[in-house]
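Trainee: Sequence first, then the predicted structure, then my questions.
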Amino acid sequence: MPHVIGIDLGSQSVKAVRCDETFRVVADHRVPIETTYPQPGWAEQDPDTWVAAVHQALAAVGKDGVAAIAIAGQLDGCVAVDPAGHALHPALIWQDRRATAEAALAERARVHAITGQVADASHMAAKIRWLVARGVRAARFDQPTSYVVARLTGASAIDPALASTTMLYDLAARAWSSELAREFAIDLAQLPALAPTCSIVGDHGGIPVAVGTGDDFATPLGAGLAAPGPIALGLGTAEVVGAISDAPVLDLPAARTASDPWRDLREPMVETHAFPTGAYFVEHPGWLSGGAVRWAARMLGLGSDAELDALAASAPAGAGGITFVPALAGQMTPVWRPELRGALHGLSAAHDRAHVARAVLEGLAFACRDVVERLAALGLPANELVALGGGAASRTWMQLRADVLGRPHHVTGRADTCAIGAAMIAAVAVGLHRDLATAAAHAPPPVETFQPRDSLEGAYARYREFAACHLL
């Protein structure tokens, strides 16, 4: 039986899974990678460590008998490369918000109308402009996926889904936007060539390598979500919340309903991207979530996320009146404000570490509810969620989230659905499956469902009131 390899190029590690045709994992390997923070608001990684980690992971799972390889990588990174395809500068990853001024070079409403995106410093166009303005002269600018694929094969390509995260992709035309390239003073010849997700870009040691995609898109695929249905909730370093739609749905003020708690805010909260199946993914690309849990565990002197989880479980619902605003890498809900930072509000001498731990988990769930309510207000299915990623292993957090959102949360039995989604792309690329929907049908059903049990409406209202004081 032929095998395929899927690679998840994440924020904290590179993981490879070797799968059979049914996407049963027969071998896997994870290699940690580091992020540096040279200044507040900056976040960088060394692209050469990605390549080294991929080679290490491939060697560990074995390449003999492998039919194809595909990569799904972190979104919004920017790598300047020389004519030989090597990095000229550390990668500005998704957390990096230094290019605030550059993000404003194009008119916000126009960016949203063309690309479906929020004009923000996290996106690639702003980062390219920041690098160019500081003298970086690149032959090409890559996303993390396209960079590693080019290093493996010698050929550079990017799929429409990943391209649609750059602020340079025209959703309607399904092509690079010459108008926005002019606004950001970017030469489109310096971008990877557009190619279908499941097409072959080249080979690595004789093994075909697919174009691949971004992790936001591979993660739901690996869980079996290939068509409109439950909301995908990705709980990794960042928290990604999105819904698949057959048609593009833009977050316009006129499209919102009276049920949207943030309907009076005139800015988009969610973005619309191309999806590897040919559909669209209406999503919020995320705020620091698992990263915030690790931050809180460290700040509270705990040794692990599990210890924070247990501590939070001992505190009352509502965290004794403490409200956490999850903006450790900039405000992302209900509006995008890179200059605003997180907060713990309502502290008193009566509170202890358990209240703070609980407040952090609740605050992250409140931000998720902001997004889910917006998706529902845009007419997308929002009655249930499928929780993916490492955070879904926390029973305390899953029950808390079901309570905050008032919606069932289904939990998959796999924490590595991003890498498995990449393996599905590899399998389709070499004809082992007809299409991604057929491949995704092999994903096992959820193993557990958390139903809403206790209402946290009062705590969510308190979060909204505090946020409104700073944003409205």
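Mentor: Ah, there it is.
Trainee: Tell me where the stretch 101-250 of the chain has helices.
Mentor: With DSSP state H, counting those that start in this stretch, the ranges of helices along the stretch 101-250 of the chain come out as 108-115, 124-133, 144-153, 160-163, 178-183, 215-222.
Trainee: Return the distance of the first one from the chain's centre.
Mentor: It refers to helix 108-115. Relative to its chain's centre, helix 108-115 lies at 20 Å (Cα atoms, centre = their mean, to the nearest Å).
Trainee: and it, what does it pack onto?
Mentor: In terms of contacts (3 or more Cβ pairs under 8 Å, 6 or more residues apart in numbering; DSSP states H and E), helix 108-115 is packed against strand 169-170, helix 178-183. Using the backbone N, CA and C atoms, a C-beta is placed for each residue, glycine as well.
Trainee: re the thing from before, right, and the helices of the stretch 101-250 of the chain - which one's nearest Leu58?
Mentor: Among the helices of the stretch 101-250 of the chain, helix 144-153 comes nearest to Leu58, with 9.0 Å by Cβ to Cβ.
Trainee: Can you give the domain ranges for the protein?
Mentor: Per automatic domain parsing, the structural domains of the chain span 3-217, 225-413+442-472.
Trainee: can you list those in CSV and add mean pLDDT and mean neighbour count?
Mentor: Below are the domains of the chain laid out as CSV (pLDDT from 0 to 100; neighbours: other Cβ atoms under 10 Å):
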stretch, mean pLDDT, mean neighbour count
domain 3-217, 96, 21
domain 225-413+442-472, 92, 20
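Trainee: Relative to Ile425, which of these is closest?
Mentor: Of the domains of the chain, nearest to Ile425 by Cβ to Cβ is domain 3-217, at 4.0 Å.
Trainee: for that closest one, how far is the first residue from the last?
Mentor: End-to-end distance for domain 3-217, by Cα to Cα, to the nearest Å: 22 Å.
Trainee: Next: stretch 377-384.
Mentor: This stretch, stretch 377-384, spans 15 Å end to end (Cα to Cα).
Trainee: about what we covered before: TSV for the helices and strands packed on helix 108-115, including distance to Ala279?
Mentor: Converted to TSV, these look like this (distance: least, Cβ to Cβ, whole Å):
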stretch	distance to Ala279
strand 169-170	16
helix 178-183	23
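Trainee: of all the ones you listed, which lies closest to Glu362?
Mentor: Across the helices and strands packed on helix 108-115, Glu362 has its closest neighbour in strand 169-170 (35.8 Å, Cβ to Cβ).
Trainee: Now that Ser164 has come up, it's in contact with Val282, right?
Mentor: No - Ser164 is not in contact with Val282 according to Cβ atoms under 8 Å; the separation is 11.5 Å.
Trainee: intersection of neighbour lists for those two?
Mentor: Common contacts of Ser164 and Val282, defined by Cβ atoms under 8 Å, 6 or more residues apart in numbering, comprise Thr272, His273.
Trainee: sorry, back to before: out of the helices of the stretch 101-250 of the chain, which comes closest to Gln39?
Mentor: Proximity to Gln39, assessed across the helices of the stretch 101-250 of the chain by Cβ to Cβ, is greatest for helix 124-133 (12.9 Å).
Trainee: Are we agreed that Leu344 is in a strand?
Mentor: Yes - counting by DSSP: H, G, I helix; E, B strand; the rest coil, one finds Leu344 located in a strand.
Trainee: tell me the contacts of it?
Mentor: Ile322, Thr323, Phe324, Val356, Ala359.
Trainee: quick one, helices of the stretch 301-450 of the chain?
Mentor: For the stretch 301-450 of the chain, the helices defined by DSSP H, counting those that start in this stretch occupy 305-313, 353-377, 395-405, 417-429, 436-440.
Trainee: Figure out which of these is closest to Thr219.
Mentor: When the helices of the stretch 301-450 of the chain are compared by Cβ to Cβ, helix 417-429 sits nearest Thr219, at 4.4 Å.
Trainee: by contact count, what packs against the closest one?
Mentor: Applying 3+ Cβ pairs under 8 Å, 6+ apart, we find helix 417-429 packed against strand 3-9, strand 13-19, strand 66-73, strand 207-210, helix 215-222, helix 436-440.
Trainee: about what we covered before: of the helices of the stretch 301-450 of the chain, give the one that comes closest to Arg24.
Mentor: Closest approach to Arg24 among the helices of the stretch 301-450 of the chain (Cβ to Cβ): helix 417-429, 9.7 Å.
Trainee: Just put the helices and strands packed on helix 417-429 in TSV and tack on distance to Thr49.
Mentor: Listed next are the helices and strands packed on helix 417-429 as TSV, based on distance: least, Cβ to Cβ, whole Å:
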stretch	distance to Thr49
strand 3-9	11
strand 13-19	9
strand 66-73	13
strand 207-210	20
helix 215-222	17
helix 436-440	30
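Trainee: Out of these, which is closest to Ala461?
Mentor: helix 215-222 (29.9 Å).
Trainee: what's that closest one packed up against?
Mentor: Packed next to helix 215-222, using 3+ Cβ pairs under 8 Å, 6+ apart, are strand 3-9, strand 66-73, strand 231-235, strand 238-245, strand 280-288, strand 385-388, helix 417-429, helix 436-440.
Trainee: Run the chain-centre distance for it.
Mentor: In terms of Cα atoms, centre = their mean, the centre of helix 215-222 is set 9 Å apart from its chain centre.
Trainee: can you pull the contacts of Ala155?
Mentor: Val149, Val201, Gly202.
Trainee: Kindly report the same for Asp216.
Mentor: Asp216 is in contact with Leu75, Thr165, Gly234, Val240, Gly242, His273, Phe281, Glu283, Pro285, Gly286, counting by Cβ under 8 Å, 6+ apart.
Trainee: mind running it again at 7 Å?
Mentor: Leu75, Gly234, Val240, Gly242, Glu283, Pro285 (Cβ atoms under 7 Å, 6 or more residues apart in numbering).
Trainee: repeat for Gln56
Mentor: For Gln56, the contact set (Cβ under 7 Å, 6+ apart) comprises Val31.
Trainee: Please apply the same query to Val356.
Mentor: The neighbourhood of Val356, defined by Cβ under 7 Å, 6+ apart, consists of Leu300, Ile322, Leu344.
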